[in-house]
Every structure is written in structure tokens, then in C-alpha cells.
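[1] quick one, fold the following:
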Amino acid sequence: MPQTAGICGVILAAGESARMGRDKALLPWPPVAEGAPAVNTFLGAMIDLLQQHADLVIVVAGRNIAELEPVADAHGAFTVVNPAPERGQFSSIQVGLREVLNRGRDAAFLVPVDRPPVLPATVHDLRTAFLAADSDVWAVVPEVLQDGAPVHGHPILIGRELMEQFLRAPATAVAREVEHRHHNHIRYLRLGDARIAANIDTPEDYLRLMRTEIIPANTTF
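    Numbering: from 1, shown residues only. Sure, this is the predicted structure:
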């Protein structure tokens, strides 16, 4: 991996959010008390976070492009459309990574939109570890301890070598399986950020998140 790698952020946001009943990309973030105005959204906050450590941010949308493109534009990100999001998330990964390479970058933060943004220090630490790693390290994956066991999460930071492996795989593949086939080229970075492993799929998941992350209505940012 080049020490001067140009890094993109890629946010996977083409899913239908069927179990949530509303687009998870547009969930308020940080959570606010009922009736209080939203400060930001999962998508907007994720763009803002990645822009601090990447050259540019790409949002992979699907049939929700009309709803997401104004948010991406307002936060200075680019959008690209997965023409067949029903093929699954891996197809969105491939769409996003092709755009990264088309834009002349060699590395990318890769993160699904269905989770709260991690702490800024987490993104910083991933980038630092990636740029300092030996050439046989193709990606840095964060992990956090849960009940005494390590759990891998997002965002991951991948270089050109692993991008090419993703792009050679069928669109129906699973990213975790591709990663595991090349685990000897992956550095797992232990961090203390619980949001690394957070996953918001249902209204109940979001309510639990609100109870732990809620902010006062008069908080300013």
C-alpha cells in the first residue's frame, strides 16, 4: 500500500431499510428528544466525519437517490447509483470501489449507513495505522471487545489490493468471506469505541440507541 495513498470515503446507502420502515440514512443523528428538531442525519454526520480524513466522500445510493442526493450535496459528497441494489450490499461495495479507482484514489474507508458514526478518534487511528503499515497489509479493520470477545466492525480502511479482490468477486459474494480469505493481509486494530460494532436495523434498535446517546434539545453544534 502506498504511503501517500489517496483515500476516499465510501458510504453504502442503497438498501431499502425494510425492517426499519424508513430510510436509515435519514435517521436523526445525534438522537434528540421527541419533538426536538434534528441536528443531522446518519448520512450527513457520516459524510462530515469521513471528510476530516479523506480526500472525498462517495455515497452509493439506489432507488432512494432522489432522497439522498440533496443530503450528499449539502454536505459536499458525491453520489453514485447502484442500478440493481436488489443484488445485495456487496454489489454496492463494487459500485463504490469502481468509483474510487475511477477517481484515481488507492484506498477507501468503507462503511454501511445503518449505524451511528464512530468517534472521530477511531477514524484517525484507522488512517494512521493504515498509512504506517507494511506493504503486505491490504486493510485495517477495527475491533472492539464485547463480553470479553473481539468483534469486528466499521469503518474498514482498504487498499487497492483488497479492492481488486472485491471487484473480481461475483456481485452475490459476501465481503466478510472475501476478507477472511485474505486474513493474513488484514490488520485488526483493537479500539475502545463501542459504535464500531453498532448496527441499527429496526425501530427497536434505534430506540435503544436513543436511550444511550440522546442529547438535550438545546444542545448546539
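
[2] going forward, measure contacts and count neighbours with C-alpha atoms only.
    Noted.

[3] show me the residue at the heart of this structure, geometrically.
    Geometric centre of the chain, nearest residue: residue 111, 1.5 Å, by Cα atoms, centre = their mean.

[4] where does it fall, helix, sheet strand or coil?
    strand (DSSP: H, G, I helix; E, B strand; the rest coil).

[5] give the contact list for residue 15.
    Neighbouring residues of residue 15 by Cα atoms under 8 Å, 6 or more residues apart in numbering: 61-62, 85, 88-89.

[6] try 6 Å
    Counting by Cα atoms under 6 Å, 6 or more residues apart in numbering, residue 15 makes contact with nothing.

[7] so which helix or strand takes in it?
    Under the criterion of DSSP states H and E, residue 15 resides outside all helices and strands.

[8] pLDDT score assigned to residue 21?
    Note for residue 21: predicted pLDDT of 70.

[9] how deep is it tucked in, by neighbour count?
    For residue 21, the neighbour count with other Cα atoms under 10 Å is 11.

[10] likewise for residue 185?
    18.

[11] my guess is it contacts residue 140. True?
    No - when contacts are counted by Cα atoms under 6 Å, residue 185 is not listed as touching residue 140 (9.0 Å).

[12] surely residue 151 is in a strand?
    Yes - assessed with three-state DSSP, residue 151 lies in a strand.

[13] and it, how many neighbours?
    For residue 151, using other Cα under 10 Å, the count is 15.

[14] for it, name its beta-bridge partners.
    Beta-bridge partners of residue 151, counted by DSSP bridges, are residue 144.

[15] my guess is it meets residue 143, correct?
    Yes - in this structure, residue 151 is within contact of residue 143 by Cα under 6 Å, at 5.2 Å.

[16] how is the residue nearest to residue 78 when sequence neighbours are not counted assigned, secondary-structure-wise?
    Nearest non-adjacent residue to residue 78, counting by Cα to Cα, 6 or more residues apart in numbering: residue 58, 4.8 Å away. Here residue 58 takes the strand state, with states given by three-state DSSP.

[17] let me see the ranges of the helices in this structure.
    42-51, 65-74, 89-102, 120-132, 160-168, 175-181, 203-213 (DSSP state H).

[18] mean neighbour count, mean pLDDT and distance to residue 27 for these - can I get that in CSV?
    Converted to CSV, these look like this (neighbours: other Cα atoms under 10 Å; pLDDT from 0 to 100; distance: least, Cα to Cα, whole Å):
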stretch, mean neighbour count, mean pLDDT, distance to residue 27
helix 42-51, 23, 96, 6
helix 65-74, 16, 96, 12
helix 89-102, 22, 95, 19
helix 120-132, 17, 96, 20
helix 160-168, 17, 95, 29
helix 175-181, 13, 91, 25
helix 203-213, 14, 78, 9
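
[19] any chance of those helices in TSV, plus distance to residue 22?
    Listed next are the helices of the chain as TSV, based on distance: least, Cα to Cα, whole Å:
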stretch	distance to residue 22
helix 42-51	12
helix 65-74	11
helix 89-102	18
helix 120-132	27
helix 160-168	29
helix 175-181	25
helix 203-213	9
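
[20] to residue 21, which of the ones you listed lies closest?
    Closest approach to residue 21 among the helices of the chain (Cα to Cα): helix 203-213, 7.8 Å.
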